[in-house]
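Student: Any chance you can model this:
(2 chains)
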Amino acid sequence: MSIRADPEGNEIRALFDLVDLGGQEVLEIGCGDGRLTWRYADRAARVMAIDPFAEGIERAKRSLPDALRGHVELHNVAFEDLAAGAEPSTLDIVILSWSLC
Amino acid sequence: MVHALEEIKRLLRLDGSLIEIHPVPEAPSIEVHSGGRVSFAEHDPGYDYDDLRHAEDAVGLMLERGLFVMDRGCEFDFVTDGSSVAELRDFRAQTGAYDDGPQDEAVVAGQAKLYARVEEVISASREEAEVAYHERGRMARLTPVR
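Tutor: The predicted structure is shown next:
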């Protein structure tokens, strides 16, 4: 057995309970290795997932499920840098994923 | 931090939502699960209260400054399990690599001692045993204030 993060799916259940991601433009800040991203991305219209740590994003790129290719964009960038060039009022959902601490 | 939250607000549509997820500021535990029950549990001595308080403060700040209002929130158990202590330790070290600065020597020694005890508990278990890292998470849906 390898490592299993949240095998009972408590986190994703909580997310789906709080927000309807159907057809939404989502930005996830602090996606790490994509652990949470893969669990909700198929519900959203499009997902951009970012992390300032290169190792996390590299692992995410290696583990990106085939079914989500072209649907999820992964970028090694800090939010502040991304936001600096971004148009206002373009996102439906922003997920701050364990990244405030 | 405030600037980042203001930027999030700027990028969200009028009816958009911010979902904020962070650990509850209470020490996670390292557990051994066997025979469908928790046979050992002890708090992680490496728990960083400052980091966790920082997340709580940031959420408080965004509400206080009137950037967002909280619509709904919840708490949930977040468990990471592995078949061996070494596997879990490696994984924790990998995810902990994001933390700033080196850990205190006493904390590192305390964790090593705890993991050694967990190894002993697993070895002594008559049933198949798994090691688990048990955290509590807090999730909130916040709406930007216009």
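Student: and chain A, which of its residues are near chain B?
Tutor: For chain A, the residues in contact with chain B (CB under 8 Å from any CB of the partner chain) are A:1-8, A:10-11, A:13-15, A:17-19, A:27, A:29, A:32, A:53, A:55-56, A:79-80, A:83, A:86-98, A:100-101. Glycine gets a C-beta too; all of them are placed from N, C-alpha and C.
Student: okay, residue 68: pLDDT?
Tutor: This is for chain A. Model confidence at A:Leu68, given as pLDDT, is 96.
Student: meant chain B, my bad for not saying
Tutor: Listed pLDDT for B:Phe68 reads 95.
Student: quick revisit: which among the residues of chain A next to chain B count as buried?
Tutor: Among these, those classed as buried by 16 or more other CB atoms under 10 Å in any protein chain shown are A:3, A:5-6, A:10-11, A:14-15, A:18-19, A:27, A:29, A:32, A:53, A:56, A:79, A:83, A:91-98, A:100-101.
Student: which residues in chain A form helices?
Tutor: With DSSP state H as the criterion, chain A has helices at A:10-18, A:37-40, A:54-63, A:79-84.
Student: Rebuild those as TSV, extending it with mean pLDDT and distance to B:Gln94.
Tutor: Putting the helices of chain A into TSV (pLDDT from 0 to 100; distance: least, CB to CB, whole Å) gives the following:
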stretch	mean pLDDT	distance to B:Gln94
helix A:10-18	98	19
helix A:37-40	98	17
helix A:54-63	95	8
helix A:79-84	95	22
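Student: Reformat these as a markdown table; add distance to B:Ser39.
Tutor: Shown next, in a markdown table, are the helices of chain A (distance: least, CB to CB, whole Å):
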| stretch | distance to B:Ser39 |
| --- | --- |
| helix A:10-18 | 21 |
| helix A:37-40 | 29 |
| helix A:54-63 | 32 |
| helix A:79-84 | 42 |
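Student: Out of these, which is closest to B:Phe78?
Tutor: helix A:10-18 (5.8 Å; CB to CB).
Student: what's in contact with the closest one?
Tutor: A:6, A:21, A:36, A:39-40, A:43, A:95, B:19, B:21, B:72-74, B:76-79, B:137, B:139-141 (CB atoms under 8 Å, 6 or more residues apart in numbering or on different chains).
Student: chain center to it, what's the gap?
Tutor: Helix A:10-18 has its C-alpha centroid displaced from the chain centroid by 14 Å (CA atoms, centre = their mean, to the nearest Å).
Student: Over to stretch A:24-34?
Tutor: On the basis of CA atoms, centre = their mean, stretch A:24-34 sits 2 Å off its chain's mean C-alpha point.
Student: Same check on stretch A:24-38?
Tutor: Between the centre of stretch A:24-38 and the centre of its chain there are 1 Å (CA atoms, centre = their mean).
Student: related to what we said a few turns ago, narrow the contacts of helix A:10-18 to just the buried residues.
Tutor: A:6, A:21, A:36, A:39-40, A:43, A:95, B:19, B:21, B:76, B:78-79, B:137, B:139-141.
Student: From those residues, which land in strands?
Tutor: Counting by DSSP state E, those place A:Ile95, B:Ile19, B:Ile21, B:Phe76, B:Phe78, B:Val79, B:Gly137, B:Met139, B:Ala140, B:Arg141 in strands.
Student: List the contacts of the closest residue to B:Leu18 other than its chain neighbours.
Tutor: Leaving out its chain neighbours, the residue that sits closest to B:Leu18 by CB to CB, 6 or more residues apart in numbering or on different chains is B:Leu142, at 4.4 Å. B:Leu142 is in contact with B:Ser17, B:Leu18, B:Ile19, B:Glu20, B:Met62, B:Leu63, B:Phe68, B:Val69, B:Met70, B:Asp71, counting by CB under 8 Å, 6+ apart.
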